[in-house]
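Next comes the sequence, and after it the predicted model I'd like to discuss.
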Amino acid sequence: MNGQPILSIADVQWVLHRTPASGGKIQLRIVRGDSDQVVTLELAEGWRRLDDISWRASSWGLRRMVTGGLVLVSLSVEERKTLELPAGGMALRIKHVGQYGAHAAGKNAGF
């Protein structure tokens, strides 16, 4: 990937980390048996925001610490218009409220 030998997933992460969020191209050299080819992976503007890691158990502890167990999502353009909110700035909707233990801090606070 872009000349970086891939020995582990960390090498893939390194190449992706160095690819701007505004988009970019990654050259992939693929070797399978006697076949050797180069293909280009094009990442569109905003590609980093398309990933959702909330399903990973490792992110749940962070959610508990940072948001009291709340899962927050950005409002869409349509939701902003319906609520008569300006286009700029942050606008979030609560998608899920944790129910138990330390994950219920948001629930216990009244959300």
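Structure received.

How far away from the center of its chain is the longest helix along the chain?
Criterion DSSP state H: the longest helix present in the chain is helix 57-67. Its chain's C-alpha centre and that of helix 57-67 lie 14 Å apart, by CA atoms, centre = their mean, to the nearest Å.

contacting residues for the spatially closest residue to residue 47 that is not a sequence neighbour?
What sits nearest to residue 47 in space, not counting adjacent residues and going by CB to CB, 6 or more residues apart in numbering, is residue 23, at 6.4 Å. (Each C-beta comes from the backbone N, C-alpha and C, glycine too.) Residues near residue 23 by CB atoms under 8 Å, 6 or more residues apart in numbering: 42, 43, 44, 45, 46, 47.

What of residue 79?
Residue 79 neighbours (CB under 8 Å, 6+ apart): 91, 93.

Could you report the distance from it to residue 63?
22 Å (CB to CB, to the nearest Å).

List the buried residues of the helix or strand of the chain with the lowest mean pLDDT.
Across the helices and strands of the chain, mean confidence by mean pLDDT, DSSP states H and E is lowest for helix 57-67: a mean of 78. Within helix 57-67, the residues scored as buried using 16 or more other CB atoms under 10 Å are 63, 64, 67.

Am I right that residue 106 is in a helix?
Yes: secondary structure of residue 106 (DSSP: H, G, I helix; E, B strand; the rest coil): part of a helix.

Pretty sure it sits against residue 67.
Yes: if you go by CB atoms under 8 Å, residue 106 and residue 67 touch, sitting 6.4 Å apart.

Contact partners for the nearest residue to residue 104 once chain neighbours are set aside?
Nearest residue to residue 104 in three dimensions, chain neighbours excluded: residue 98, at 5.2 Å (CB to CB, 6+ apart). If a contact means CB under 8 Å, 6+ apart, then residue 98 has 63, 64, 68, 69, 70, 104, 105, 106, 107 as its contacts.

from those residues, which is closest to residue 54?
residue 63 (7.3 Å; CB to CB).

Around residue 19, count how many other residues there are.
By other CB atoms under 10 Å, the residues close to residue 19 number 17.
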